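*Asks:* Fold the stuff below for me.
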Amino acid sequence: MVHLPTSPLVLFLGAGASAPLGKMLMNEFVAAMSSKPEFSENELFQEITAKDADLEFLLEELQDLERKDYLRDRDSLGHALSTRGQSFELPPVQPRSNWYARNAAPLRRQVEREVYHSYKTIDLRHRHKVQKHFRPLLNLIMKSLRPEDPVIIFTTNYDPAIELLCEQLRRASVS
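*Replies:* The predicted structure is shown next:
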């Protein structure tokens, strides 16, 4: 049995929490990706982001298209059934169906790489702001906790700001 830490307080930080540290909000991130040729020239990217230029929406749509194996594998399904002696005629396939399924997985991986590379670090010109930005919030939280209570923080913004803050605070306490 795994024992997870408990705390009387849990903090959830949204995507805007690190905007003052130079991180784009999700719709700004999609707009920035749209200016890069690998995305601006990708028809599937353009179709999805035309409906909603939001990163989470984009990734969800790509994952949904990926899961539609029956679109991608129609020819192999018909072949498998006919080799078992079953007569099975598949309805005609819309030409775009296979195209969507084939292009969703590579585009999703490309978007995820872009997210990882863009959000994995805090730019050097913003690192000095991390403590100033989050310290008042942590001070307020610490007033509500006992010394033995852990601070549990969840982030939804893919960036390492809280980890960097903890590292900076640990270094400051050692010095």
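
*Asks:* contacts and neighbour counts: CA atoms only from here.
*Replies:* Fine.

*Asks:* my guess is Lys23 contacts Tyr119, does it?
*Replies:* Yes. Counting by CA atoms under 8 Å, Lys23 does reach Tyr119; the two are 7.1 Å apart.

*Asks:* If you count surrounding residues, which of the two has more?
*Replies:* Lys23 (23 against 18; other CA atoms under 10 Å).

*Asks:* What's the separation between the more buried one and Pro160?
*Replies:* Noted for Lys23: a distance of 11 Å to Pro160, by CA to CA, to the nearest Å.

*Asks:* Please list the outside residues in contact with stretch 51-60.
*Replies:* Met26, Asn27, Phe29, Val30, Ala31, Phe45, Ile48, Thr49, Arg108, Val111 (CA atoms under 8 Å, 6 or more residues apart in numbering).

*Asks:* Measure how far stretch 143-157 is from the centre of its chain, please.
*Replies:* 23 Å (CA atoms, centre = their mean, to the nearest Å).

*Asks:* got it, and stretch 44-60?
*Replies:* Counting by CA atoms, centre = their mean, stretch 44-60 comes out at 13 Å from the chain centroid.

*Asks:* Alpha carbons of that stretch, as CSV, please.
*Replies:* Extracted as CSV, the C-alpha positions of stretch 44-60 are listed here (Å, rounded to 0.1, in the frame of the first residue of the first chain):
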residue,chain,number,x,y,z
LEU,A,44,-4.5,19.2,-39.8
PHE,A,45,-3.1,21.7,-37.3
GLN,A,46,-4.8,24.5,-39.2
GLU,A,47,-8.1,22.7,-39.3
ILE,A,48,-8.2,22.0,-35.5
THR,A,49,-6.9,25.3,-34.4
ALA,A,50,-9.3,27.2,-36.6
LYS,A,51,-12.1,25.7,-34.5
ASP,A,52,-10.4,26.5,-31.2
ALA,A,53,-6.8,27.8,-30.8
ASP,A,54,-6.3,26.2,-27.4
LEU,A,55,-3.5,23.7,-26.7
GLU,A,56,-5.5,21.3,-24.6
PHE,A,57,-8.2,21.3,-27.3
LEU,A,58,-5.6,20.6,-30.0
LEU,A,59,-4.1,17.7,-28.1
GLU,A,60,-7.5,16.2,-27.2
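
*Asks:* Mean confidence (pLDDT) on it, please.
*Replies:* For stretch 44-60, the mean pLDDT works out to 95.

*Asks:* Just the buried positions in that stretch, please.
*Replies:* By 16 or more other CA atoms under 10 Å, the buried positions in stretch 44-60 come out as Leu44, Phe45, Ile48, Thr49, Ala53, Asp54, Leu55, Phe57, Leu58, Leu59.
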